[in-house]
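**Q** Let me see the structure of the following:
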Amino acid sequence: MKTQIQNCTLQLVQGDLTNQKIDAIVNAANSSLAGGGGVDGAIHRAGGPSIMEETDARYPDGCETGNAVISSAGNLPCKFVIHTVGPVWQGGIRREPELLKSAYHNSLQLAVDHQCESVAFPAISAGVYGYPMDLAAAHALMSVAEFLREHEAPKLVRFVLFDSGAYGAFSHALENVAKIVQKW
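**A** Coordinates of the predicted model:
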């Protein structure tokens with residue numbers, strides 16, 4: 001499923017983020033950039049130890065929630081890994097929507113700054129961080145759509161969703177975002 005925003009494509013696929021042949025993939029990292037489970041663990045396993053060595057050296061203080069940093073991709077089939085920290089869901093009362101949108105925006109800005117024409121995202125914060133999938137999808141897709149509208153880059157933004165439940169939630173949200181985009 002996909003939609004056009006300006007001259008950019010916003011696309012959804014179900015699959016494995018670590019297999020994407022794309023300029024940059026986004027890691028749903030923790031604030032210490034220490035590796036972990038879920039998407040983060042899969043990226044570090046597939047990419048090898050050089051990613052962790054680089055982030056340890058370049059970002060010894062880690063990364064704050066809502067921000068993003070970039071590294072090389074180790075053994076992954078992409079050029080870069082953008083590490084972003086999404087918020088832990090606490091009922092929506094601790095600026096979670098704002099922080100999640102910031103994580104997407106800052107990741108896209110790093111991709112543009114490093115001349116990436118394509119970037120792939122997971123569903124940031126929607127796993128162990130507990131952000132409700134439907135809200136995560138709506139906030140993520142709207143944030144990306146607004147960025148593409150303003151910057152007309154990257155040319156391709158792909159959400160790679162691990163299972164059918166996540167894909168369904170993002171598909172529903174993309175239908176709603178596409179209606180908004182048509183009015184722009």
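
**Q** Could you tell me which residues within stretch 86-103 count as buried?
**A** 86-87, 89, 96-97, 99-103 (16 or more other CB atoms under 10 Å). Just so you know, the C-beta spots here come from the backbone N, C-alpha and C atoms, and that holds for glycine as well.

**Q** And His151, how close does it get to Ile124?
**A** Noted for His151: a distance of 19 Å to Ile124, by CB to CB, to the nearest Å.

**Q** do Ser107 as well
**A** From Ser107 over to Ile124 (counting by CB to CB), the distance is 8 Å.

**Q** In the chain, what residue spans correspond to helices?
**A** Counting by DSSP state H, the chain has helices at residues 38-47, 49-58, 96-113, 133-151, 164-182.

**Q** Just the buried positions in the first one, please.
**A** Meaning helix 38-47. For helix 38-47, by 16+ other CB under 10 Å, it's 39-40, 42-44, 46-47.

**Q** ok, back up a step: His151 and Ile124: which is more packed in?
**A** Counted by other CB atoms under 10 Å, His151 and Ile124 do not tie: Ile124 has more neighbours, with 25 against 15.

**Q** Spit out the contact partners of the more buried one.
**A** 26, 28, 84, 86, 100, 103-104, 131, 136, 140 (CB atoms under 8 Å, 6 or more residues apart in numbering).
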